[in-house]
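Pasting the sequence and the predicted coordinates here, then a few questions.
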Amino acid sequence: MLSKKFKKTCCFGFIPKEFTMFRDYEIFGPEMWKYEVLSKVKLWYGTPKSGDDSIKNKLVLGIQCVYIDNLTGNKTTTEQHCGDLSKDDIEIKELELKEDDYINKFFLDFDGGITHIKIMTKKGESLEVGTENEETKKTTDINMEKEPHMVQTFFGYFNNYGLRALGCKYISKKDFRIINLMGIFRLRHLFKIDEEAKKKWENKEELNNLNLKMRAVAKLCLLSDKTFSNVIPFCGD
């Protein structure tokens, strides 16, 4: 199964007695989550709510992500997976990925809470809060991969004191290309067996209602067999 191509890191951190769990991939359909890519990541960093004596440092207080469907171009923004944000020293940083860029490195420190996060992209962009420490940094699987891999979705736990644990699903860029090609072949098959669906997307007015990327996918799937075969080897990235 294609879903087995996705790997998971550990969920780094501490799971307290009272927590809220999040798995970003669950906000999409049981199959559609495989086509989602990270478009934007937002982090909150600062002093956590007082009352937990085990927490001595500033911590990563929360995370929020925007995902984009690689087939339709539709964007989905998650809820804020955040602790209490009432302190006056809260720092907010975010990174919006450029077209064709993706997160390929994920660094994290844990010392009673998540004290440092850094993510890096294929094109050299980065988002970082906190300070890396040799004694508290964790080894993240995706950073050890030899071939290009991409962070696809995040999951973890948070409570009033902040983001308490975090991990990610990731996949090789090559396998992600294959998954997206499967989506294109599925749509092309639909056009072959459903004449009404084909006629709908042959209608120029219907096509013009789509975003540019989905319009291109629809036009690709409407090509003749010979032309489609000549074009498809250059698609999927």
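Nice, thanks for sending it over.

Tell me where the model's unsure across this protein.
1-2, 51-56, 71, 182, 211, 213, 234-237 (pLDDT under 70).

As a check, name the ranges of all helices in it.
With DSSP state H as the criterion, the chain has helices at 173-193, 195-202, 204-208, 212-221, 225-231.

hmm, who's touching the first one?
So the one you mean is helix 173-193. 2, 5, 34-35, 37, 70-71, 102, 147-150, 152, 171, 197-198, 201, 217-218, 220-222, 228, 232, 235-237 (Cβ atoms under 8 Å, 6 or more residues apart in numbering). Using the backbone N, CA and C atoms, a C-beta is placed for each residue, glycine as well.

Now which of those residues would you call buried?
Taking 16 or more other Cβ atoms under 10 Å as the criterion, what is buried in those is 34-35, 37, 70-71, 102, 149-150, 152, 171, 198, 201, 217-218, 220-222, 228, 232, 236.

re earlier: now distance to Glu128 too, for the helices of the chain, in TSV please.
Shown next, in TSV, are these (distance: least, Cβ to Cβ, whole Å):
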stretch	distance to Glu128
helix 173-193	23
helix 195-202	43
helix 204-208	42
helix 212-221	30
helix 225-231	40
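
Nearest to Tyr45, out of these?
helix 173-193 (29.3 Å; Cβ to Cβ).

residues of that closest one that come out buried?
Buried residues in helix 173-193 (16+ other Cβ under 10 Å): Asp175, Phe176, Ile179, Asn180, Gly183, Ile184, Leu187, Arg188, Phe191.

Mind putting those into CSV with distance to Arg23?
Below are these laid out as CSV (distance: Cβ to Cβ, whole Å):
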residue, distance to Arg23
Asp175, 20
Phe176, 19
Ile179, 19
Asn180, 22
Gly183, 22
Ile184, 27
Leu187, 27
Arg188, 31
Phe191, 33
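
Out of those residues, the closest to Lys98 would be?
Closest to Lys98, out of all of these and judged by Cβ to Cβ, is Phe176, at 17.2 Å.
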